[in-house]
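> Take a look and give me a structure for this.
(chains A, B, C and D)
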There are 2 protein chains.
Amino acid sequence: MSTSARMLSLLSLLQTHRYWPGEELATRLEVSGRTLRRDIERLRDLGYVVDATRGVAGGYQLRAGGQLPPLVLEDDEAVAIAVGLRTAAAGSVGGLEETSVQALTKVVALMPTRLRRRMDALASQTDAPGPWSAGPSVDARVLTTLAQACRDDELLELDYAARGAEVTHRRVEPHRLVSLGRRWYLVAHDRDRHDWRSFRVDRVSAPVLTGQRFRPRDLPGGDAVAFVEQGFRRMPQRYAVRVRLEAPAATVRWAVGHWGEVVEDGDGACRLEMNVDSLQWPVMVLAQVGAPFVVESPAELRDELARVGEVLQASAAS
Amino acid sequence: MSTSARMLSLLSLLQTHRYWPGEELATRLEVSGRTLRRDIERLRDLGYVVDATRGVAGGYQLRAGGQLPPLVLEDDEAVAIAVGLRTAAAGSVGGLEETSVQALTKVVALMPTRLRRRMDALASQTDAPGPWSAGPSVDARVLTTLAQACRDDELLELDYAARGAEVTHRRVEPHRLVSLGRRWYLVAHDRDRHDWRSFRVDRVSAPVLTGQRFRPRDLPGGDAVAFVEQGFRRMPQRYAVRVRLEAPAATVRWAVGHWGEVVEDGDGACRLEMNVDSLQWPVMVLAQVGAPFVVESPAELRDELARVGEVLQASAAS
DNA sequence: ACGCAAGAGGCCAGATCCTGACCTCAATGC
DNA sequence: GCATTGAGGTCAGGATCTGGCCTCTTGCGT
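Modelled structure (predicted):
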């Protein structure tokens, strides 16, 4: 085995177990003890912190250092990471969506097919994590493909189902992925329409990396997020939920998570603001808090609450 | 730069961008083109798939191959991975908890302090992901510390707050972490009480790796999961929710996620079974589905539903 | 059709480094 | 104190690596 291959193996071994007796490492790597010590020294020179314990039952140990060493992952671990990042990218964390997609792209692009299959299988299982993931969920494969195309300035072909229209085939120069309000958007230059467009990622299907690269253009205005938000103006309104609750802000904040704004409003009361597509989520939150409240808007929420309240009462009485 | 260091750099470069012109790689690594080609060849010998495009605008590209290459991560990416795994380990995925903790342990153990701090900061932000994470959440640091101790057969000291009792200090030989019903348990041999115990991880605080290793004992019965379940028998009952809904099983399943059993029960109806600590979650699910239902058990759920239903109706009318 | 750019790879001479062996120290736990 | 295990200096021989030079091959643009 060559030296570099041996270093990678050593790194991998040191990551799976905490302590390794020097002799065992030497045996596994098929080198003498002296060479192993030199390998350890090399690792240290590379900036990784390898602790050593002397005496009986001594051994080597890779520790947290100044930089993260290249991670050598088992199959299962890689799948777990991909699945975890997938939910993080779907917005379950907040503020971490873009980085999650970036990391996810890196992992997925390098995953052998067998692992990718396992990831997809698990993804379908967790695709219905519950009602709070309102709206159509995004396919991780689509998302990572788009991210990769953006990163590498690669021409992209995709099918897009614009709202209320039939599916069209597009050839675009991807520019940037934007995560906004629990949704993903792709800002890209449409090669056929010769203009900039933003695409809702959950409406994109069958994206294909053409392998053809292009020279990136400048987005007018430069700010991709602003560009997407601009498009919103013309979109039909979603529900702007405004409610005043007779409950401590902390309680409500705990119930709503980070998908709504909660501000104190006087003694033991608070105001809740959410912008949603569906009324199910606010209904759930209000039911969960279980305290009296006043709906300021929208009117539809009042109707829905009355309906659900009746069903609950009636069913409970039966 | 040594050859092995250069190989790691090359691997890292190939992971950040898709295409790299050979000459640019050579410049960055400060070697001649010939040597770069040899480095690429070495990578291929190690089993990684490096694609090359010839001609104008050609370049190298690391692709998915038979095995996952060691991942070289940016700071942000590592944090995203840790946060994602953290939520996966908390049970948001199902069936992946143990692997997630394993991967998380690996990453966290190697993370420089600065990254760990950022992870903790983000974790606190996402600590209240909403009502569905019923019960006290588990500290990722505690969890990974315990996991590491199990993996490395390392003697552990910890503080434990048994139910209704004061905090006691323990010295244990950790055996295995078990994820059961959205909770984590540590099965360990208590050195002072000379017997096997299972500890609820959310009640463990200040775990310390002593660095002292021990010879693993055999758990009587051998099955750690069974051991934890045994302990449950003596626990006070939680709520066993049994409800029959006039709604398709698929709808209900979607609302409840994987925290309950849903089975078809005749035409367009289904039965829901959940075992919970708090009634908030089933109330939410039922409010979310919004279809008529019959509560079979427990009686407390009926009361709670009546109360919430009234609040909703009254508040909606105001 | 042609030529250019960029990767593939054989060959060579010189320099570098790597290895294993041997030895002496330095900690650690019994 | 003694056995065990890591640290590391030195040395000689050999393996490996490097850069330069060459020839092929393959895409792409003119």
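> Any idea which residue of chain A lies closest to DNA strand D?
A:G22 (2.8 Å; CB to the nearest atom of the strand). All C-beta spots, glycine's among them, are computed from the backbone N, C-alpha and C.
> I'd say that residue and A:Q61 touch.
No. Between A:G22 and A:Q61 there is no contact under CB atoms under 8 Å: 11.3 Å.
> still on that earlier bit, count residues in the vicinity of the residue of chain A closest to DNA strand D, would you?
15 (other CB atoms under 10 Å in any protein chain shown).
> try A:C270
That count, for A:C270 with other CB under 10 Å as the rule, works out to 23.
> ok, it - contacts?
Counting by CB atoms under 8 Å, 6 or more residues apart in numbering or on different chains, A:C270 touches A:R244, A:L245, A:A247, A:P248, A:A249, A:V252, A:V262, A:V263, A:E264.
> hmm, try it at 10 Å
A:243-253, A:262-264, A:289, A:291, A:293 (CB atoms under 10 Å, 6 or more residues apart in numbering or on different chains).
> next one: phi and psi at it?
Main-chain dihedrals, A:C270, degrees, to the nearest 10: phi -160, psi 170.
> Which residue, neighbours along the chain excluded, lies closest to it?
Nearest residue to A:C270, sequence neighbours excluded (CB to CB, 6 or more residues apart in numbering or on different chains): A:A249, at 3.9 Å.
> my read is A:A123 is in a helix, agree?
Yes. Counting by DSSP: H, G, I helix; E, B strand; the rest coil, A:A123 is found in a helix.
> what separates A:Q212 from A:R44, distance-wise?
44 Å (CB to CB, to the nearest Å).
> Show me the common contact partners of A:G22 and A:Q61, please.
Common contacts of A:G22 and A:Q61 (CB under 10 Å, 6+ apart): A:A52.
> From the contacts of A:C270, which land in helices?
A:A249, A:A250, A:T251, A:V252, A:R253, A:V289 (DSSP state H).
> average pLDDT for stretch A:286-303?
Across stretch A:286-303, the average pLDDT comes to 85.
> Just the endpoints, please. Distance across that stretch?
Across stretch A:286-303, the terminal residues are separated by 14 Å (CA to CA, to the nearest Å).
> Quick one: the strands in the stretch 101-250 of chain A, in order.
A:154-161, A:167-180, A:183-190, A:195-200, A:204-213, A:239-245 (DSSP state E, counting those that start in this stretch).
> Tell me which residue of the stretch 201-318 of chain A lies closest to DNA strand C.
A:R213 (12.7 Å).
> Give me the buried entries from the ones in helices among the contacts of A:C270.
In those, burial by neighbour count holds for A:A249, A:T251, A:V252, A:R253, A:V289, counting by 16 or more other CB atoms under 10 Å in any protein chain shown.
> Nearest to B:D120 among these?
B:D120 lies nearest to A:R253 out of those, by CB to CB, at 19.9 Å.
> how about that closest one, what does it touch?
By CB under 10 Å, 6+ apart, A:R253 lies in contact with A:G260, A:E261, A:V262, A:V263, A:C270, A:L272, B:A128.
> so which of those residues is the most crowded?
That'd be A:L272 among the contacts of A:R253, by other CB under 10 Å, with 26 neighbours.
> Doesn't it belong to a strand?
Yes. Membership of A:L272 in a strand is supported by three-state DSSP.
> neighbours around the nearest residue to it once chain neighbours are set aside, how many?
Excluding the flanking residues, the one nearest A:L272 by CB to CB, 6+ apart is A:V243, at 4.7 Å. Per other CB under 10 Å, the neighbour tally for A:V243 reads 23.
> Correct me if wrong: A:V243 contacts A:P282.
Yes. With contact defined as CB atoms under 10 Å, A:V243 reaches A:P282; the gap is 7.3 Å.
> how about the nearest residue to A:G33, chain neighbours excluded?
That would be A:A26: by CB to CB, 6+ apart, it lies 5.0 Å from A:G33.
> shouldn't A:A64 be in contact with B:P112?
Yes. Using CB under 10 Å, A:A64 is in contact with B:P112, at 5.7 Å.
> What residues does A:T145 make contact with?
Contacts of A:T145 (CB under 10 Å, 6+ apart): A:105, A:108-109, A:139, A:154, A:156, A:158, A:174, A:204, A:206-209.
> swap the cut-off to 6 Å and go again
By CB atoms under 6 Å, 6 or more residues apart in numbering or on different chains, A:T145 lies in contact with A:P207.
> how close does it get to A:D192?
For A:T145, the distance to A:D192 - CB to CB - is 20 Å.
> and the residue of chain A found nearest DNA strand C, helix, strand or coil?
Relative to DNA strand C, the nearest point of chain A is A:G55 (2.8 Å; CB to the nearest atom of the strand). Using three-state DSSP, the structure places A:G55 in coil.
> returning to that earlier point: tell me the one among the buried ones among the ones in helices among the contacts of A:C270 nearest to B:G231.
Of these, the one sitting nearest to B:G231 (CB to CB) turns out to be A:T251, at 32.0 Å.
> For the closest one, which non-adjacent residue is closest in space?
A:V289 is the one closest to A:T251 (CB to CB, 6+ apart), at 6.3 Å.
> so the one you found makes contact with A:A255?
Yes. Judged on CB atoms under 6 Å, A:V289 makes contact with A:A255 at a distance of 5.2 Å.
> gap between stretch A:106-121 and the chain center?
Here stretch A:106-121 is found 16 Å from its chain centre; the criterion is CA atoms, centre = their mean, to the nearest Å.
> contact partners of it?
A:D75, A:A78, A:V79, A:A82, A:T144, A:Q148, B:Q15, B:A64, B:G66, B:L68, B:P69.
> Over to stretch A:56-65?
A:14, A:18-21, A:48-53, B:110-112.
> where does the stretch 51-200 of chain A come near DNA strand D, residue by residue?
Counting by CB under 7 Å from any atom of the strand, the residues of the stretch 51-200 of chain A close to DNA strand D are A:A52, A:T53, A:R54, A:G55, A:V56, A:A57, A:G58, A:G59, A:Y60.
> Okay, now the unreliable bits of chain A?
A:91-94, A:124-137, A:181, A:232-237, A:257-259 (pLDDT under 70).
> Give me the residue at the spatial middle of it.
A:A89 (1.2 Å; CA atoms, centre = their mean).
> about what we covered before: ok now do the residue of chain A closest to DNA strand D, which residues does it touch?
A:L36.
> Let me see the backbone angles for it.
Torsion angles, degrees, to the nearest 10, at A:G22: phi -50, psi -40.
> what about it, distance to chain B?
Per CB to the nearest CB, to the nearest Å, A:G22 is found 16 Å from chain B.
> near chain B, which residues of the stretch 51-200 of chain A?
Residues of the stretch 51-200 of chain A that fall close to chain B, judged by CB under 6 Å from any CB of the partner chain: A:64, A:66, A:68-73, A:76-78, A:80-81, A:83-85, A:88, A:93, A:96, A:99-100, A:103, A:106, A:110-112, A:126, A:128-131, A:152.
> count of residues packed around A:A78?
Residues lying near A:A78 (other CB under 10 Å) number 24.
> same deal with A:A64?
As a burial measure, A:A64 scores 17 neighbours (other CB under 10 Å).
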